[in-house]
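Participant: model the following, please.
(chains A and B)
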Amino acid sequence: MDDFQYHAPSSVDGVLSALRGADDGKVLAGGMSLVPVLKLGLAAPSDLVSLRNVPGLSDIEDHGHCLKIGACCTHAQVAASSVVQERIPALAVMAGRIGDPQVRNCGTIGGSVAHNDPAADYPAACVGLGATIITDRRKISSDDFFGSMFETALEEDELIRAVCFPIVARAAYAKFENPASKYAVAGVMVAEGDDGVRVAVTGAGAGVFRVAEMEAALADDFSADAVAGIGVSADGLLSDNVAGAEYRAHLVTVMAKRAVEACG
Amino acid sequence: MSDNGSNGTGFIGASLKRKEDARFLTGRGRYTDDINLPGQLYAHLLRSTVAHADLASVDTSAAEAAPGVHAVFTGPDMEGVGGIPTGWLIHSKDGSPMVEPAHPPMAVGKVRHVGEIVAIVVAETRVQAREAAALIDIDYQELPAVASLAAARADGAPKVWDEADGNLCYDWEVGDRAAAEDAIAGAAHTVSIDVVNQRLVPNAIEPRAAIGSFDPTTDVYTLYTTSQNPHLIRLLLGAFVLGLPEHKLRIVAPDVGGGFGSKIPHYAEEAIITWTAGRLGRPVKWTSDRSEAFVSDTQGRDHISTATLGLDEDGKFVGLKVSTQANLGAYLSTFATCVPTYLYGILFAGPYTTPAIYCEVEGVFTNTVPVDALRGAGRPEATYLLERLVDKAAAATGIDRVDIRRRNFIREFPYQTPVALQYDQGDYDATLDLALEASDWDGFEARRSEAAGRGKLRGIGISTFIEACGIAPSAVVGSLGARAGLYEVGSVRVHPTGSVSVFTGTHSHGQGHETTFAQIVAETLGVDFEAVDVVHGDTGAIPFGMGTYGSRSLAVGGTAIYNAVQKVIAKGKKIAAHLLEASEEDIEFANGNFTVAGTDRSKSIGEVALTAYVPHNYPEGLEPGLEETAFYDPLNFTFPAGTHVAEVEVDPETGVVELVAVTGADDVGRIINPMIVNGQLHGGLAHGIGQALLEHCEYDAEGQLVTGSYMSYTMPRAGDLPNFNINHNTTHCTHNPLGVKGVGEVGSIGVPPAVINAVVDALSPLGVTHIEMPATSQRVWQAIQAAQAQD
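Facilitator: Have a look, this model is predicted:
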């Protein structure tokens, strides 16, 4: 790990000015992805700006039509939140299955969303539930936010403040995890809300993606059987020592089916 | 005193809490990296990033000029230092000795695997050393690499060593080829199998570390190192590498956090660190990190085999032939050559009466990390092959899986196998019966049906196995090529006030020796358990020893201690006889008291000890003091045996295998501490289950390690394991006085075939007949797809 300058400002403005003043600044919001990357020497930012001392970023608020979850809420906090469990249980279940207890107690929703690991769970939750990413300057729909792996719509000095999840009629997340890393090999969030059915897949491709054919089938007939025969193409899917592209494609269908079943 | 040393004090056989756990559980263990010597410098070892290359140039000038750097050395700087030796000479079928390439501690001219050491940088701090190492400019002229057995043995394959044609180290055999082939040719049934025993990473929780120092006032080098066998390191490092006599080289292996075989070998790092400390006149510390461990700790297994079993019309095995290729890696590690030969081929009788057995093994060089012993070391590979083959034979003949095993069990002992070993004792029916009952084998079909109702494929699998442990009679292993004796040493020092220090040449790195050996001494000497301390891991304190591996510590090391106690008692009788004014022959010893037979006149061991050290009233001609040493060379291997049963449920949609039950019925010989024995069984089972279902060390075709971290190499976690149903049926070893056999490797040997047999049983309704380890979800899914495609 190379040396870096550490900042822990106590306001969003302080974070932004620290980022702007750095040659190559990175926000530290839990560090569950960033710290291993630094340790392996794969990145060497000049400055790390911690959100630790910024107040008001760890709240979970019920706004009636949506839940607003502060960027610094840990996965464990979301998993254990009675509001989340009651209003969007699929989200609580999803957060409770990220990584391991250590990761869940340090990693944050904002960090995960900003990092956009192609195998992370939150991108599927955001896209599947139709969440909105709230930054220091704007609101970005999930569909517009996530790019290919590790790419997002965030500008260099833009900071996520919260993520708003609309309350949906029903939703469930099914995840096939890598037995070593516990990342998603194929994670599928299925939700039925005001704007219809959404099916979002993480882990299988270069970034989170929706499966239009499944969404259409479920809008017509919200049942496991409706998606059981719908496959995704293996072309362009990830392949590693745990799962080749063909197997991943198969798992997407199985997980979609199980998510629908879990919706009840 | 009753049979087998029991003195009625109850220490043997009691689940006493482990003496060592207080310090381990409160963070007061003292591991190599916890030790810091005055003036200590830190080393970083720069390792090859490519699998095979000529080192066109290694420019260290920028590193030498970096802040805090004291020295940078590369392979040529160590010219004149000996190579890292191999501990066992194997001869090929034609009588020729194995190819034994040079093994300089650091690469000279060429690198042969990712992780091979190219340079050492020594600096004031660890960070300075690492940062300076990044400034070393290496010009790798890459060469084609062979990373697998298939690639290494292919026609025209690139050569790891110029002197090894076909990348062959040796072409070894054991048994009677003609007898086995004739028996198979004349058999009523024959069944064949091809199996891969995949490569594993040992993954001890404590990464390796070393601190070298040199004392100019005594000319003594001291090396602190993470070793399972400090005296062996002293022998190899002193005599073969650095040319130092034993009295000028001290090896200390303090608390060590697990070994599993990976801390047996004498490593290049130990030589480099000790040599560098001498060159610089300052202590030098090196501590591996986890990423480094993945490419520098020896790895295990890595066989490809084909085998044929012949059976008569009644299902009796008549002949077995096994042909194996074993990956040795790029360099020959200390026991690399004997693990796939003399710890493998001689196991193929298993618990069965197969009269004709032949095994041939090609030892093969590849551009991969060297392979050496890993928990079980050769015996898991043999057992897996044999028990998969027996299941296939049952399927092919239509004989029940349990019945076919029972029809072939050895029941008369001693039993001479056709592959060198002679079993002294065992009761294979007893452990089989126990396992069948404990696992409710007969009730399985109901459980299969119930699972089917939930959409799951349930399967049950069995393995019946023996081990050869307690390594080993020196004359036997010497005749087979071992370059060391494999006896053990125990010293028992009774102090003047009756407390006892026990010195053992074995080494405890998780086994609980400090407790088990104290129980033996407390019981046999009749002293308090708390009054006995066990000392290990320091060549400066312990007379000699060969260390801990091959489930030998209790059977060989424990016996040495037991024999030393008997010497103490014999001397104590002389002292007591004098004090009691009786004849030595009339003195009986029990419960810590020397008593004149038939009287109530006695002296305690404490009184006798005090007299031995304050010999005012003392037998004429007898030496003062009460301390005895015994060297024990075992008469035979020990033969733990057992039956393991595994039950799995397969999700046919995803291929995920859930291990739902594991039952063990084991005969590990006499049990000193049941809690420690069961802990060893649990650990071994977890290890074996890891191999069966999860772990796989994979290289790509260029020799890059694909599974170089815990993000890609799957270790078993608690959640992957069911509660273990452990049962014991004990027979006593006949040739050591404690009747003990060994337990440390049972699980890793016995359970992998039981798990795979269960997976195949679950999938057999679909037409699947074999699946390789690890039975990952993708493999199972692919097997199901392939079977369905054939329908």
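Participant: B:Ala179: what's it in contact with?
Facilitator: B:Gly319, B:Pro355, B:Ala356, B:Tyr358, B:Pro418 (CB atoms under 8 Å, 6 or more residues apart in numbering or on different chains). (Glycine included, C-beta is placed from N, CA and C.)
Participant: the helix or strand harbouring the fourth one: what's the following helix or strand?
Facilitator: B:Tyr358 is part of strand B:357-365 when elements are defined by DSSP states H and E. Where DSSP H and E defines the elements, the next helix or strand beyond strand B:357-365 is helix B:379-397.
Participant: show me what that next one is packed against.
Facilitator: Here helix B:379-397 touches strand B:189-200, strand B:300-311, strand B:317-329, helix B:401-408, strand B:457-466, helix B:746-763, going by 3 or more CB pairs under 8 Å, 6 or more residues apart in numbering or on different chains; DSSP states H and E.
Participant: tell me the most packed of the contacts of B:Ala179, by neighbour count.
Facilitator: B:Gly319 (26 neighbours; other CB atoms under 10 Å in any protein chain shown).
Participant: what's the spacing between it and B:Pro753?
Facilitator: Distance, B:Gly319 to B:Pro753, by CB to CB, to the nearest Å: 20 Å.
Participant: Provide a list of residues in contact with the residue in the stretch 151-300 of chain B that chain A sits nearest to.
Facilitator: Closest residue of the stretch 151-300 of chain B to chain A, CB to the nearest CB: B:Ser291 (7.6 Å). Contacts of B:Ser291 were listed using CB under 8 Å, 6+ apart, and they are A:Leu40, B:Gly708, B:Ser709.
Participant: ok, A:Arg20 touching A:Glu158?
Facilitator: No - using CB atoms under 8 Å as the test, A:Arg20 is too far from A:Glu158 to be in contact (11.0 Å).
Participant: neighbour count for those two, which is higher?
Facilitator: Neighbour comparison, A:Arg20 and A:Glu158: the larger count goes to A:Glu158, with 18 against 10 (by other CB under 10 Å).
Participant: what number of residues lie near the closest residue to the more buried one other than its chain neighbours?
Facilitator: The shortest distance from A:Glu158 to any non-neighbouring residue, by CB to CB, 6 or more residues apart in numbering or on different chains, is to A:Thr135 (5.1 Å). Look at A:Thr135: counted by other CB under 10 Å, it has 20 neighbours.
Participant: give the contact list for A:Thr135.
Facilitator: Residues in contact with A:Thr135 (CB under 8 Å, 6+ apart) are A:Leu154, A:Glu158, A:Leu159, A:Ile160, A:Arg161.
Participant: please produce JSON lines containing those, extended by pLDDT.
Facilitator: Below are the contacts of A:Thr135 laid out as JSON lines (pLDDT from 0 to 100):
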{"residue": "A:Leu154", "pLDDT": "97"}
{"residue": "A:Glu158", "pLDDT": "96"}
{"residue": "A:Leu159", "pLDDT": "96"}
{"residue": "A:Ile160", "pLDDT": "97"}
{"residue": "A:Arg161", "pLDDT": "97"}
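Participant: most neighbours among those, please name it.
Facilitator: Neighbour-wise, those (other CB under 10 Å) top out at A:Ile160, 26 neighbours.
Participant: for that residue, grab phi and psi.
Facilitator: Backbone torsions of A:Ile160, given as degrees, to the nearest 10, read phi -80, psi 130.
Participant: same check, this time on A:Ala18
Facilitator: phi -60, psi -40.
Participant: equivalent analysis for B:Val648, please.
Facilitator: phi -130, psi 160.
Participant: any idea how far B:Leu681 is from it?
Facilitator: Distance from B:Val648 to B:Leu681, by CB to CB: 20 Å.
Participant: burial check on residue 234, number of neighbours?
Facilitator: You didn't pick a chain, so chain A it is. A:Ala234, neighbours per other CB under 10 Å, totals 16.
Participant: ah, I was thinking of chain B
Facilitator: 22.
Participant: one more: B:Leu721?
Facilitator: Neighbours of B:Leu721 under the rule other CB under 10 Å: 16.
Participant: pretty sure it contacts B:Gly690?
Facilitator: No - look at B:Leu721 against B:Gly690 with CB under 8 Å: they stay out of range, at 9.3 Å.
Participant: ok so, going back, which of the helices and strands packed on helix B:379-397 is buried the deepest?
Facilitator: The highest mean neighbour count among these, using mean count of other CB atoms under 10 Å in any protein chain shown, belongs to helix B:746-763: a mean of 30.
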